[in-house]
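# Mind folding the following:
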Amino acid sequence: MYAGLQIPVGLLVDRFGSRAMIAGGAVLMGLGQLQLAFAETIPGESWAGSWWAPAMQ
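Got it, this is the predicted structure:
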C-alpha cells in the first residue's frame, strides 16, 4: 500500500504543497478518530482481538 501510493501522493504534494497535504491528512485522521470515538462496535473486532491480544480473551 505504502509503496504503491508514493508516486500519486508525491504528485499531489508537488501540486498542492506539503503544508496543505499535511493539514488535509490531519483533518482526515481527526475525522476518523471522531468516528471511532462514537462507534458502538468496531468491524473486525473479534478477528483483530484474537490476533492482537489472545491472552485477554
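
# how much space between the residue nearest in space to the middle of the chain and Ala23?
Central residue of the chain (CA atoms, centre = their mean): Met29, 6.1 Å from the mean position. From Met29 across to Ala23, the span is 11 Å (CB to CB, to the nearest Å). In this view, the C-beta of every residue, glycine as well, is placed from N, C-alpha and C.

# May I have the biggest helix by length in the chain as PDB, with CA atoms only?
As assigned by DSSP state H, the longest helix anywhere in the chain is helix 18-37. Extracted as PDB, the C-alpha positions of helix 18-37 are listed here (Å, rounded to 0.1, in the frame of the first residue of the first chain):
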ATOM      1  CA  SER A  18       3.400  19.900   1.800                       C
ATOM      2  CA  ARG A  19       1.600  22.200   4.200                       C
ATOM      3  CA  ALA A  20      -1.800  21.600   2.500                       C
ATOM      4  CA  MET A  21      -1.300  17.800   2.300                       C
ATOM      5  CA  ILE A  22      -0.300  17.600   6.000                       C
ATOM      6  CA  ALA A  23      -3.300  19.700   7.000                       C
ATOM      7  CA  GLY A  24      -5.600  17.500   4.900                       C
ATOM      8  CA  GLY A  25      -4.200  14.400   6.400                       C
ATOM      9  CA  ALA A  26      -4.600  15.700   9.900                       C
ATOM     10  CA  VAL A  27      -8.200  16.600   9.200                       C
ATOM     11  CA  LEU A  28      -8.900  13.200   7.700                       C
ATOM     12  CA  MET A  29      -7.200  11.500  10.700                       C
ATOM     13  CA  GLY A  30      -9.200  13.600  13.100                       C
ATOM     14  CA  LEU A  31     -12.500  12.700  11.400                       C
ATOM     15  CA  GLY A  32     -11.600   9.000  11.600                       C
ATOM     16  CA  GLN A  33     -10.700   9.300  15.300                       C
ATOM     17  CA  LEU A  34     -14.000  11.100  15.900                       C
ATOM     18  CA  GLN A  35     -15.900   8.400  14.100                       C
ATOM     19  CA  LEU A  36     -14.100   5.700  16.100                       C
ATOM     20  CA  ALA A  37     -14.900   7.600  19.400                       C
END
